[in-house]
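K.L.:
quick check, what structure comes out for this input:
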Amino acid sequence: MKIQTQFGEVHVLTNCPLLTSTERLEWMTEVHESFNGSEDRYPLRDTPRQILSFNYVQMRKEMGDMFHILSANLRKQWGIPLRQVKRVIPDIIDDDYIILDTTSTIADLRVGFAFIESNEGGQVVEIIERGRYIIIQEEIRDPETDEVIQPLITEYQDGFRLAANVTVTNAVIMPLRICIIDGDASINVGGFWSNASMVFRVLAEDLPEHAGDDPEQYKDQDIYFKPLLLDGDSIEISMSQHQNVVDNSIGGFQSFTHHARVKQSKPFKSLIRSWDDFQEFRRFLFRRGGRYRPFWLPLYERHLNILNAGMITTSLSTNTKYLVEADRKHIAVKRKDGSWTAHEITAKTGGSLTVYPSIDAHRNDIQTICYMGLYRFDADQIEFQFLGAGISQVTIPILELES
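P.N.:
Numbers count the residues shown, from 1 in each chain. Below you'll find the model as predicted:
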């Protein structure tokens, strides 16, 4: 399928398999590290680059069609539907407006080209406008005095206006990205089948863009209570700190560090099982901007053995060893109803902690109390792996900045 766009002629690949495909978002952050280990971060790219990777399996005739299409158009422009962002839409009979809640997919499905699959087949449509106002009450005026007897009342209706009328039933709509093939295409050919592997780079003019949602705040920073998934039966935590070793090779040696504290890094692994969770996680990524914007996150490890019984307010008793030496100043409390609260440790005396604000919960109503850290992503490239059945996986390294 070919379409004409403002970018020129575009070849649309309608059958992009989501299973085993990947989507990579690439931000760019400049990180300036000070002598003592603290850092300043500057975003160099507001809009992430988008890289799509697919494996196309064709049989018999389709195998030859793909081969000839690639041979003739390898360095031309391609239209790629994003099936991971598809939305079910109501039936439309010869109309140019789709009624749809557009807020959840505003970064991806927006003014531009989209692809609709329906009982009538697949077709490319152009979205030219978001939302419209409809009249729910006509204005009535007195014919003699021109006085308004009944005022005009309009109501905003969310959705997309198309460049042309369409008729679709049992349909889904998805964004259509204008891309080039990044590098070369690789094709494994058998007797009557082929497997083509291709990587597509979305044009800069067609990249997704979103500021992200404003989440709950703690200490003027974003705070999230997303669970950390284990890699198997454990999670690997790395501890690093700058080290200089002065060694003249003929006697003793000295070791020292410029950094004020140890830096901890761990994988932030998420398994996304629903469309709503997928969109929420994407907005979380746009909010982070790669390595730019930090966020508070509970450690989840059960480091604190709380001895309190009854009502807990501002004082916690624990038998945790080396509590005074620990340089941690923030904790998170999870109640059995699933709610979380964040608290600052204002004083440590032996095995006793004083926290603010007050926890104000009975010990029997508390599921866990754990330390909390301020993290940032330790990578500007984030990749979604699509595993099938609407499930996707993301693993991002995170670095602790403050405890």
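
K.L.:
could I get the full set of strands for the stretch 1-150 of the chain?
P.N.:
For the stretch 1-150 of the chain, the strands defined by DSSP state E, counting those that start in this stretch cover 2-5, 8-12, 22-26, 29-33, 39-43, 49-59, 77-81, 87-89, 92-99, 112-118, 121-137, 140-141, 148-150.

K.L.:
buried set for the fifth one?
P.N.:
Looking back up the chat, that one is strand 39-43. By 16 or more other C-beta atoms under 10 Å, the buried positions in strand 39-43 come out as Arg41. C-beta coordinates here come from the backbone N, C-alpha and C atoms, glycine included.

K.L.:
re earlier: can you add mean pLDDT and distance to Asp378 and give the strands of the stretch 1-150 of the chain back as TSV?
P.N.:
Shown next, in TSV, are those (pLDDT from 0 to 100; distance: least, C-beta to C-beta, whole Å):
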stretch	mean pLDDT	distance to Asp378
strand 2-5	85	38
strand 8-12	89	37
strand 22-26	94	14
strand 29-33	91	10
strand 39-43	91	11
strand 49-59	86	19
strand 77-81	91	29
strand 87-89	92	33
strand 92-99	93	40
strand 112-118	93	33
strand 121-137	91	36
strand 140-141	88	64
strand 148-150	87	62
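
K.L.:
redo those strands as JSON lines? Include distance to Gln254.
P.N.:
As requested, the strands of the stretch 1-150 of the chain are arranged in JSON lines below (distance: least, C-beta to C-beta, whole Å):
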{"stretch": "strand 2-5", "distance to Gln254": "65"}
{"stretch": "strand 8-12", "distance to Gln254": "64"}
{"stretch": "strand 22-26", "distance to Gln254": "42"}
{"stretch": "strand 29-33", "distance to Gln254": "23"}
{"stretch": "strand 39-43", "distance to Gln254": "26"}
{"stretch": "strand 49-59", "distance to Gln254": "46"}
{"stretch": "strand 77-81", "distance to Gln254": "58"}
{"stretch": "strand 87-89", "distance to Gln254": "63"}
{"stretch": "strand 92-99", "distance to Gln254": "70"}
{"stretch": "strand 112-118", "distance to Gln254": "61"}
{"stretch": "strand 121-137", "distance to Gln254": "64"}
{"stretch": "strand 140-141", "distance to Gln254": "91"}
{"stretch": "strand 148-150", "distance to Gln254": "88"}
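
K.L.:
out of the ones you listed, which comes closest to Val199?
P.N.:
Val199 lies closest to strand 49-59 among the strands of the stretch 1-150 of the chain, at 4.9 Å (C-beta to C-beta).

K.L.:
low-scoring stretches of this structure, by residue?
P.N.:
61, 230-234, 302-303, 321-326 (pLDDT under 70).

K.L.:
ranges for the helices of it?
P.N.:
Assigned by DSSP state H, the chain shows helices spanning 61-73, 275-288.

K.L.:
tell me which of these is the most buried.
P.N.:
Compared across the helices of the chain, helix 275-288 shows the largest average neighbour count, a mean of 18 (mean count of other C-beta atoms under 10 Å).

K.L.:
run through the neighbouring helices and strands of it.
P.N.:
Helices and strands touching helix 275-288, by 3 or more C-beta pairs under 8 Å, 6 or more residues apart in numbering; DSSP states H and E, are strand 263-272.
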